[in-house]
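In: Need the 3D shape of this:
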Amino acid sequence: MSLSRTFSAVPAWVLLLGVASSSASLLAQGPPAFLKTERTLATVEHQSYEVKEGGKLIITGVLFGNIALQKGGKVVIRGVVHGDVVNYGGELEVVGHVTGTVLKKGGNTIIDSKSTVDGGVHF
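Out: Model (predicted):
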């Protein structure tokens, strides 16, 4: 593969990964996925979630997106969330890292002493 062919492919990869534009482009685009069952995320994913009653999201990987937690849902963050997490009445446990804000509007929110929340925790 020639050097010019190698460099011509680089911009496509940069745009695909969202590195060429603002940091907001790293977050998921479009509507959130509604979760009403249990799901463990152990990889890297670009998706926002709304966890409904009966839903459970366990994050051990990396999520680029926001999380809205509704009454009757549960979220456990052991990995990294690049986005905001809003608890509207569910069970939220943060043991990992959140680069955005954690906002409690209801429910139970536990922030482990070993976790980090860059945007702050607001109750």
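
In: Contact partners for residue 114?
Out: By C-beta atoms under 8 Å, 6 or more residues apart in numbering, residue 114 lies in contact with residue 95. Placement of C-beta: from N, CA and C, glycine included.

In: secondary structure element for residue 63?
Out: Secondary structure assignment for residue 63, by DSSP states H and E: strand 62-64.

In: Output the helix or strand where residue 76 lies as CSV, restricted to C-alpha atoms.
Out: Assigned by DSSP H and E, residue 76 belongs to strand 74-77. Listed in CSV are the C-alpha atoms of strand 74-77, where the atom choice follows Å, rounded to 0.1, in the frame of the first residue of the first chain:
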residue,chain,number,x,y,z
LYS,A,74,-31.7,0.3,37.5
VAL,A,75,-28.3,1.4,36.2
VAL,A,76,-24.9,0.3,37.5
ILE,A,77,-21.8,2.1,36.1
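
In: Name the next helix or strand downstream of that strand, please.
Out: strand 80-82.

In: Distance from the chain centre to that following strand, please.
Out: 5 Å (C-alpha atoms, centre = their mean, to the nearest Å).

In: Quick one: residues in contact with it.
Out: So strand 80-82 is contacted by 26-27, 59, 61-65, 67, 96-100 (C-beta under 8 Å, 6+ apart).

In: swap the cut-off to 10 Å and go again
Out: 23, 26-28, 41, 44, 46, 49, 59-67, 75, 94, 96-100, 102, 116-118 (C-beta atoms under 10 Å, 6 or more residues apart in numbering).

In: So for it, mean pLDDT?
Out: The average pLDDT for strand 80-82 rounds to 98.

In: before we move on, what about stretch 101-119?
Out: 97.
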